[in-house]
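> Could you work out the structure for the sequence below:
(chains A and B)
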Amino acid sequence: MSERKTRVRFAPSPTGPLHMGGVRTALYNYLFAKQRGGDFILRIEDTDSQRFVPGAEQYIIESLRWCGIFPDEGVNEDGTIPEVPSEKHPHAPYRQSQRRSIYRKYAEQLVENGYAYYAFDTAEELAELRKEKEAAKETFTYNWETRGQLRNSLTLPEEEWKKKIETETGWTIRFKMPENRIVKMDDLIRGHIEVNTNTLDDKVLWKSADQLPTYHLANIVDDHLMEITEVIRGEEWLPSLPLHYMLYEAFGWQETQPRFAHLSLLLKPDGKGKLSKRDGDRLGFPVFPLKWVSPEGEISRGYREDGYLPEAFVNILALLGWNPGTEQEIFRLEELVDVFSLDRVVKSGAKFNPEKAKWFNAEYLRMMSGEALAAEFGKELAERGIDAEPEYVAKVCELMKNRAHFITDFWGLTHYFFQAPAEYDQTVVAKFWKDEVPQMVAQAKDYVMSLEPYTKESLEEGLHSLIVNNGWPMGKVMNSLRLSLVGINNGPGVADIIWLIGRDEFAARIDRALATL
RNA sequence: GGUCCCAUCGUCUAACCGGUCUAGGACACCACCCUUUCAAGGUGGAAAUCGGGGUUCGAGUCCCCGUGGGAUCACCA
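Numbers count the residues shown, from 1 in each chain, chains lettered A, B, ... in the order given. Predicted structure coming up:
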């Protein structure tokens, strides 16, 4: 058992876009598998035909790809989901809706062995019972106490219920939760947990509505069939862990039962509760990896479209609920594979901090070369109709990258390297453009134009000594030069700007400022 | 409400099996330095063990009780 190959799965339900918490779950699964040389499998849990959302499945796959997470099984090279078994995808199909024939016999096996039973109560009847109990301030539970008074294969004569399951469709199969047993469980990050079965209920395993298994049945059967060794999933599943343990026992699969690890939830940055789409809209940050347009046309922003680098996004997620135990915070995916460990996953929920997320992105931006940045920023320049040499764009990016958090910040920060300022900031004009200034600026221009040799260094030093030697006020002159060149009073050094835009453009901009101001 | 999980700076977190803990780091914040401006960078600062009992020579670390937060109680996953 211990020498089984590590196999983990990410099993999302295609009911909408994948939440960043979901991506984190997928990431942890992936890291765990890769570190142990195991397999990471993607399985689509679409047993709820009511909630199926078109496009969600592709969204999930694309999100993982963007993050650099490629499943070993369950997704073809072209991003489609394998429907027939092959060498690489031996357990196909990987979509539960296409595996319905598999589950039926397992459900029946449970009934035959006395671990489950057919139930004929309609949803309305049960709703009515719940209402009655609620009125008496009690809760109705379908369990060992009540199943004897309800309509099921335990209480009805055999001929009657057998006839019913053959002729009718309104029946379900329920798990027969044993009475008064202590379920002893172990969680990889939470330790030992015990629950008395009396507090549990007879969960539906087979749904009458669409003749499909519920999550619980399909999940256990598939994890068993796909030889999953560890189940790493969200904390919301912890309450159903006892049921899952009981199911493994009922099937007699305890020997190969996977180990479980329940991850704490991602919480909203302010206030209380788990992170939701609403929080993103309200506080102005994405909660989804990619932009999503719902079938109704509702748009949700994505990290990718908001300008986050996938490496930064992965890094952010990795450190939300896990830490390396060292003071290192910047990790690329490959590095995470080496250092990740479930032992260091934090038990408590993590409030998402959008400010720190921005910082991570800025860090990754600074690590990029000017050329790489230019390749990205060049696209936006082209859209804006700016025709600039890639080498020039690269130099601009290199000079300006430590001022940006996102590539989308670049235009606002660098536009004056591509076009002369359309206007001059009036408060800056008022502050620096005093009476004596224009002639100093004009002199500075003449100086620069006749500077020999003209190098970046000579420009820098020459400009400086010109001002000092003439006894001019440094701040006033420099800021006036900058104002003339870029229209505002912040940005890189004046010499850097001149050097990049070139002497001719410099002269033109100075002349224009002298003429207008 | 029942059941289960969780609890260190504002936030993410560190502190291996209880002992240099003056409780460390990062984001954000503040100050200073660098500087022609704005960033970046450097230095420093403010900032936390939820409360109460125990166990122990010694508790952030173990136990109990409170309190707070979260999850879950569907023919949804």
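> and A:Glu159, that one's in a helix?
Yes - according to DSSP: H, G, I helix; E, B strand; the rest coil, A:Glu159 belongs to a helix.
> and it, how many neighbours does it have?
A:Glu159 is surrounded by 8 other residues when neighbours are defined as other C-beta atoms under 10 Å. No exception for glycine: its C-beta is placed from N, CA and C like everyone else's.
> distance of it from RNA strand B?
Taken as C-beta to the nearest atom of the strand, to the nearest Å, the spacing of A:Glu159 relative to RNA strand B amounts to 21 Å.
> And for A:Phe418?
When distance is defined by C-beta to the nearest atom of the strand, A:Phe418 is 18 Å away from RNA strand B.
> wait, doesn't A:Val23 sit right on A:Pro289?
Yes - between A:Val23 and A:Pro289 a contact is recorded at 5.4 Å, counting by C-beta atoms under 8 Å.
> which of the two has more neighbours?
Under the neighbour definition other C-beta under 10 Å, A:Val23 and A:Pro289 were set side by side, and A:Pro289 has more, 28 against 25.
> Burial check on the residue lying closest to the more buried one once chain neighbours are set aside, number of neighbours?
By the measure of C-beta to C-beta, 6 or more residues apart in numbering, the closest residue to A:Pro289 outside its immediate chain neighbours is A:Ser63, 4.2 Å from it. Other residues near A:Ser63 number 27, with proximity taken as other C-beta under 10 Å.
> Run through the residues that contact A:Arg512.
A:Arg512 makes contact with A:420, A:484, according to C-beta atoms under 8 Å, 6 or more residues apart in numbering.
> Could you rerun that using 10 Å?
The contact partners of A:Arg512, taken as C-beta atoms under 10 Å, 6 or more residues apart in numbering, are A:420-421, A:424, A:484.
> Now the helix or strand harbouring it: buried residues?
If you go by DSSP states H and E, A:Arg512 is part of helix A:503-516. By 16 or more other C-beta atoms under 10 Å, the buried positions in helix A:503-516 come out as A:506, A:509-510, A:513.
> Tell me where the stretch 401-517 of chain A has strands.
Counting by DSSP state E, counting those that start in this stretch, one finds no strands in the stretch 401-517 of chain A.
> now stretch A:106-123, how far from the chain's geometric center?
Relative to its chain's centre, stretch A:106-123 lies at 39 Å (C-alpha atoms, centre = their mean, to the nearest Å).
> Buried residues in that stretch, which are they?
For stretch A:106-123, by 16+ other C-beta under 10 Å, it's A:106-107, A:110-111, A:115-121.
> now the residues you listed in TSV, with pLDDT?
Compiled in TSV, the buried residues of stretch A:106-123 are given as follows (pLDDT from 0 to 100):
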residue	pLDDT
A:Tyr106	97
A:Ala107	96
A:Leu110	97
A:Val111	97
A:Tyr115	97
A:Ala116	97
A:Tyr117	97
A:Tyr118	97
A:Ala119	96
A:Phe120	95
A:Asp121	93
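> Out of the residues you listed, which is nearest to RNA strand B?
Closest to RNA strand B out of the buried residues of stretch A:106-123 is A:Asp121 (6.3 Å), distances taken as C-beta to the nearest atom of the strand.
> my read: the closest one touches A:Leu150, true?
Yes - counting by C-beta atoms under 10 Å, A:Asp121 sits close enough to A:Leu150 to count as a contact (5.4 Å).
> Mind listing the shared neighbours of the two?
Once C-beta under 10 Å, 6+ apart is applied, the residues that A:Asp121 and A:Leu150 both contact turn out to be A:129, A:142, A:174.
> Of those residues, which one scores lowest on pLDDT?
The lowest pLDDT within the shared contacts of A:Asp121 and A:Leu150 belongs to A:Leu129, with 91.
> now the strands for the stretch 151-300 of chain A?
With DSSP E, counting those that start in this stretch as the criterion, the stretch 151-300 of chain A has strands spanning A:172-175, A:182-187, A:191-196, A:204-207, A:212-213, A:230-234, A:259-263, A:266-267, A:292-293, A:299-300.
> What distance do you get for the residue nearest to A:Ala420 when sequence neighbours are not counted to RNA strand B?
Beyond its immediate neighbours in the sequence, the residue positioned closest to A:Ala420 (C-beta to C-beta, 6+ apart) is A:Arg509, lying 5.3 Å away. Computed with C-beta to the nearest atom of the strand, the distance linking A:Arg509 and RNA strand B is 15 Å.
> Show me which residues of the stretch 251-400 of chain A are close to RNA strand B?
For the stretch 251-400 of chain A, the contact set with RNA strand B under C-beta under 7 Å from any atom of the strand comprises A:264-265, A:267, A:269, A:272-274, A:319-321, A:323, A:325, A:327, A:329, A:344, A:346-353, A:355-356, A:359, A:366.
> Settle this for me: A:Ala362 is touching A:Asn315, isn't it.
No - counting by C-beta under 10 Å, no contact exists between A:Ala362 and A:Asn315, whose distance comes to 11.9 Å.
> Find the residues that touch each one of these two.
The overlap between the contact sets of A:Ala362 and A:Asn315 (C-beta under 10 Å, 6+ apart) consists of A:Leu309.
> more neighbours, those two?
Taking other C-beta under 10 Å, A:Ala362 and A:Asn315 do not tie; A:Asn315 has more neighbours (23 against 19).
> show me the contacts for the more buried one.
Contacts were defined as C-beta under 10 Å, 6+ apart; by that measure A:Asn315 touches A:309, A:329-333, A:335-336, A:357, A:360-361, A:363-364.
> Check A:Glu457 too.
By C-beta under 10 Å, 6+ apart, the contact list for A:Glu457 reads A:495, A:499.
> Could you do A:Met400 as well?
A:Met400 is in contact with A:370, A:373, A:377, A:409-410, A:413-414, A:417, A:491-492, A:496, A:500, counting by C-beta under 10 Å, 6+ apart.
> now the residues you listed in CSV, with distance to A:Glu460, neighbour count and pLDDT?
Converted to CSV, the contacts of A:Met400 look like this (distance: C-beta to C-beta, whole Å; neighbours: other C-beta atoms under 10 Å; pLDDT from 0 to 100):
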residue, distance to A:Glu460, neighbour count, pLDDT
A:Gly370, 20, 19, 96
A:Leu373, 24, 22, 97
A:Phe377, 26, 25, 96
A:Asp409, 26, 18, 95
A:Phe410, 24, 24, 96
A:Leu413, 21, 18, 96
A:Thr414, 20, 23, 96
A:Phe417, 18, 23, 97
A:Gly491, 15, 19, 94
A:Pro492, 12, 18, 95
A:Asp496, 8, 16, 96
A:Leu500, 13, 18, 96
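> among these, which are in helices?
Per DSSP state H, helices hold the following members of these: A:370, A:373, A:377, A:410, A:413-414, A:496, A:500.
> which of these lies closest to RNA strand B?
Relative to RNA strand B, the closest of those is A:Asp496; by C-beta to the nearest atom of the strand it sits at 6.8 Å.
> The closest one contacts A:Met478, doesn't it?
No - in this structure A:Asp496 lies outside contact range of A:Met478 using C-beta under 10 Å: 11.9 Å.
> returning to that earlier point: ok, the buried residues of helix A:503-516 vs RNA strand B, which is closest?
The nearest member of the buried residues of helix A:503-516 to RNA strand B, counting by C-beta to the nearest atom of the strand, is A:Phe506 at 13.9 Å.
> tally of neighbours for A:Ile299?
A:Ile299, neighbours per other C-beta under 10 Å, totals 10.
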